[in-house]
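**Q** No sequence on hand, only this structure:
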């Protein structure tokens, strides 16, 4: 009889720890998802500190070169993409439609080259790894 | 031969489009940062009593087409090349069809982290007000039409307003959230095309050429947080000699001075916009008795846009034009010319929606309730001078566009 209680007790303990464990293990990832940050991403080791002003110059398409004079290639996700929306609001401190409006003005008045729109964050990472001078953003 | 060229151009165009279709919105040409973009926009207009862009009464008009392709890329990071070809047809007010919209070389230099200066040469878009440079692309307009009191789409004044051949100098100085911008153009205006000569002289069907001093145009502005709030002040100064080729019409001179103030507030859901300007013209030589005729008109609009969702927005606008600031109800000019009073002003109340129903597809629609006929094309409206025609009329417009 006592052994039955012991087995039941072990079973309860295992279940409880599994539950607690799963919560504990998964909680950091959950917390990460909530606290994830969008950060500018490039492979340029020499220049990797960007102020908000720098990033606005780059993503609005006004700055066209790295400090050493090599060309910048800017990549962004589509206007409706949640990572793009977060990048414009949280990092650039503006609304996404402000960027779109500035890029459209460039396209249709011949005054600049707007960033290249890629479909997914995987494609963005791939472009950044392959294209010299590329910059974009990723979710961390 | 021409057909053959058109055909092959078309097939190249289609091949390029299909070849790069996986890139959807930006046609990355795979060479440095070179890109090819374009758009096809088709409108439909239905109006009462008067015509706007073709025969838009009873049954409506599809004579409202805008098609453009542009190419751009950097030769060096400081040196940009860009060009756009535009096909546009809007009834009697634009019969130019295909045109070179811009083709310019742009060199800029960063003096320091805050200051950029640059120069643009070639056929450049005229920086004027909030919408002028991209007014023929529905994606950058607030709706189907730009505000007519300020941008005059149905009058031949639009031709010299759009782009010009010459040079543009620009500068930008920014500190944190604040930026000051300035542009200055010296150029040969396109005032011999599209009925601009007739419009500037004010003589219907006149033949002759415009020449003389180049056009001066400037725009300066301040913007906060990349345009969340912006003010602009633009001015165009035209001083042209008219050389008549019409018997009984003497040669003369036309001066036009158009200052325009623009202000825009962009909030998350709302955008509020207003522009106010006055055009002063001085005509002499070809005028009766050769004396100087001076006139000042007044243009302004107030506009609110509300974004229900990122791809769906609404528009409300009041647009006001008076042909002569000293005769706002047109009474004196009507007595002087025998034309109806309402041909000397336009008051236009518009509501609209704009919906990007799929990526790179746009549908926009507007309803206008309009008093007065001052901003209408005489070619589209032979009845403008008839006093029996009404003061009030309605217009409905819709436009669909695809871009790549």
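**A** Yes, it's here. Since we're looking at a predicted model, the values are computed, not measured. Numbers count the residues shown, from 1 in each chain, chains lettered A, B, ... in the order given.

**Q** quick one, helices of the chain?
**A** I'll assume chain A. A:2-35, A:52-59, A:82-86, A:96-109, A:121-130 (DSSP state H).

**Q** Not quite, go with chain B.
**A** Secondary structure of chain B by DSSP H: the helices cover B:2-19, B:148-151, B:158-162, B:196-201, B:331-337.

**Q** weakest of those helices by average pLDDT?
**A** Among these, helix B:2-19 has the lowest mean pLDDT, at a mean of 40.

**Q** Could you tell me which residues of chain A lie near chain B?
**A** A:53, A:56, A:60, A:62-65, A:69-73, A:78-80, A:92-99, A:101-102, A:104-105, A:107-114, A:116-117, A:119 (C-beta under 8 Å from any C-beta of the partner chain). Any C-beta I mention is one placed from the backbone N, CA and C, and that applies to glycine too.

**Q** What remains of those if I keep only buried residues?
**A** Applying 16 or more other C-beta atoms under 10 Å in any protein chain shown to the residues of chain A next to chain B, the neighbour count classes A:56, A:60, A:62-64, A:71-73, A:79, A:92, A:94-99, A:101-102, A:104-105, A:107-114, A:116-117 as buried.

**Q** Run through chain A and note the low-pLDDT ranges.
**A** By pLDDT under 70, the low-scoring segments of chain A are A:1-34.

**Q** Provide a list of residues in contact with whatever residue of the stretch 251-400 of chain B ends up closest to chain A.
**A** As assessed by C-beta to the nearest C-beta, chain A sits closest to residue B:268 within the stretch 251-400 of chain B, at 5.9 Å. The contact partners of residue B:268, taken as C-beta atoms under 8 Å, 6 or more residues apart in numbering or on different chains, are A:95, B:307.

**Q** Mind listing what's buried along stretch B:72-92?
**A** Buried residues in stretch B:72-92, defined by neighbour count with 16+ other C-beta under 10 Å: B:72-74, B:77-78, B:80-92.

**Q** what do you get for stretch A:47-56?
**A** For stretch A:47-56, a neighbour-count test (16+ other C-beta under 10 Å) marks A:50, A:55-56 as buried.

**Q** Which residues of the stretch 201-350 of chain B lie near chain A?
**A** By C-beta under 8 Å from any C-beta, the residues of the stretch 201-350 of chain B that approach chain A are B:225-228, B:266, B:268, B:307, B:310-311.

**Q** so residue B:171 bridges to which residues?
**A** Counting by DSSP bridges, residue B:171 forms beta bridges with residue B:117, residue B:182.

**Q** burial of it, as a residue count?
**A** Around residue B:171 there are 16 other residues, counting by other C-beta atoms under 10 Å in any protein chain shown.

**Q** What distance do you get for it to residue B:321?
**A** Distance of residue B:171 to residue B:321, computed by C-beta to C-beta, to the nearest Å: 33 Å.

**Q** Over to residue A:69?
**A** For residue A:69, the distance to residue B:321 (C-beta to C-beta) stands at 50 Å.

**Q** Over to the nearest residue to residue B:267 once chain neighbours are set aside: give its phi and psi.
**A** Leaving out its chain neighbours, the residue that sits closest to residue B:267 by C-beta to C-beta, 6 or more residues apart in numbering or on different chains is residue B:228, at 7.6 Å. Torsion angles at residue B:228 (phi, psi; degrees, to the nearest 10) stand at phi -60, psi -40.

**Q** I'd say residue B:228 and residue A:97 touch.
**A** No: using C-beta atoms under 8 Å, residue B:228 is not in contact with residue A:97, being 10.7 Å away.

**Q** overlap in contacts of these two?
**A** Taking C-beta under 8 Å, 6+ apart as the criterion, residue B:228 and residue A:97 both touch residue B:266.

**Q** thinking again about what came up before, what values do phi and psi take at the residue of the stretch 251-400 of chain B closest to chain A?
**A** With angles defined as degrees, to the nearest 10, residue B:268 sits at phi -60, psi -50.
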